[in-house]
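Undergrad: need a 3D model of the following:
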Amino acid sequence: MTLTKLTMLNNMVDADFIASLDIQQGWGLSSLDLKEAIFGKSLIDMTLEEAREADKAIRDRSMSVYCFSTELFRSEIELGESYFKTEYLNRIGHLLDLAYILKPKVIRLLAARTSKRALVDNSVTYIAENHAWVMELYREAIDRISEAGFEVTIENESVGCIFSTPREIVDFFTELNRNGRVYFTYDVQNLWQMGTYPTMEVYSELAPYIGLVHVKGGQTGDQGDKLVWKSALEHASWPAADLIGQVLRDGRSPVICINPSHGKAKPGLNDKGIYKQDLDYMKQLITNYERQTNCIPGAER
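TA: So this is what the prediction gives:
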């Protein structure tokens, strides 16, 4: 029986936290990914009292938190070690206090950015030669979160990100040397925006490091394989059904998170309509997988 569940960022369907919970519950979701718009605040800016209030609202609906999608480490590394310590590392204590209340399974860090992205062929080499402290701060954050009892993941971002190719990602996790304590969240479209078009070969190269997958649509235009348009998953230019099907077969992502598509909006596009459309499409892919593998239909998602 497949154990794969579905989730989406809490702020996607409604800016009101309680309304978002109700909508997600109505859509059959039980696993939450918390990021922003939690009583009008981003995740890490919540007070402990607000976290307790959120926890009660979540439990009252028989839901649970799968992921804390923090913004930790999202800045340009050229801002320096002191900046990263002040803005990110020094906030982990409060983050863990929130986590003890809301009990996520995994806490997400972001792959940092670099203002030198256009000049750098391999960001891991650039970091080693110019910003060696980056790896040490990641290791400290990972160790503190892991030792507190939570899984840790690092996700690739879409602008100036130090992850732009599979090679950089593999090199980063190899240099990080925290196997068993951290895994990669593969945001398919974000890596596409950074220049790596999603293919089965790209997924195969990254698969040993993946523990979570984020999906969104996107279409090419008249610029080769570059992302141009927002779209629903089922209309994406990348091989969504094949790649997601392989993720299901591999069991790489216990929860697959649906994200908003990037790109230019075509006239008449309804973003919130896309979210429900993507959810229904993902449910169908999972149902098809269950049938093909003789899994039990209707498994919890």
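
Undergrad: make it CA atoms for all contacts and neighbour counts henceforth
TA: Fine.

Undergrad: so is Ile44 in a helix, a strand, or just coil?
TA: helix (DSSP: H, G, I helix; E, B strand; the rest coil).

Undergrad: do you know how far it is from Leu109?
TA: Distance of Ile44 to Leu109, given as CA to CA, to the nearest Å: 12 Å.

Undergrad: neighbour-wise, which of the two wins?
TA: For Ile44 versus Leu109, neighbours defined as other CA atoms under 10 Å are more numerous around Leu109 (25 against 22).

Undergrad: let me see the contact set for that one.
TA: Applying CA atoms under 8 Å, 6 or more residues apart in numbering, we find Leu109 in contact with 69-73, 152-155.

Undergrad: dump those residues into TSV; add distance to Glu290 and pLDDT as well.
TA: Below are the contacts of Leu109 laid out as TSV (distance: CA to CA, whole Å; pLDDT from 0 to 100):
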residue	distance to Glu290	pLDDT
Ser69	29	98
Thr70	32	98
Glu71	35	97
Leu72	36	98
Phe73	38	98
Val152	29	98
Thr153	27	98
Ile154	29	99
Glu155	28	98
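
Undergrad: list residues touching both of Ile44 and Leu109?
TA: Taking CA under 8 Å, 6+ apart as the contact rule, Ile44 and Leu109 both touch Thr70.

Undergrad: need the contacts of Leu109 in JSON lines (columns: distance to Gln25).
TA: Formatted as JSON lines, these follow (distance: CA to CA, whole Å):
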{"residue": "Ser69", "distance to Gln25": "20"}
{"residue": "Thr70", "distance to Gln25": "23"}
{"residue": "Glu71", "distance to Gln25": "25"}
{"residue": "Leu72", "distance to Gln25": "28"}
{"residue": "Phe73", "distance to Gln25": "31"}
{"residue": "Val152", "distance to Gln25": "26"}
{"residue": "Thr153", "distance to Gln25": "25"}
{"residue": "Ile154", "distance to Gln25": "27"}
{"residue": "Glu155", "distance to Gln25": "26"}
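
Undergrad: and the strands in this protein?
TA: 5-8, 31-34, 64-69, 106-110, 151-155, 183-187, 210-215, 219-220, 227-229, 255-258 (DSSP state E).

Undergrad: any idea how many residues pack against the closest residue to Tyr289 other than its chain neighbours?
TA: In space, and not counting its chain neighbours, Tyr289 is closest to Gly245: 7.1 Å by CA to CA, 6 or more residues apart in numbering. Using other CA under 10 Å, Gly245 has 17 other residues around it.

Undergrad: quickly note the distance from Gly245 to Tyr203.
TA: From Gly245 across to Tyr203, the span is 12 Å (CA to CA).
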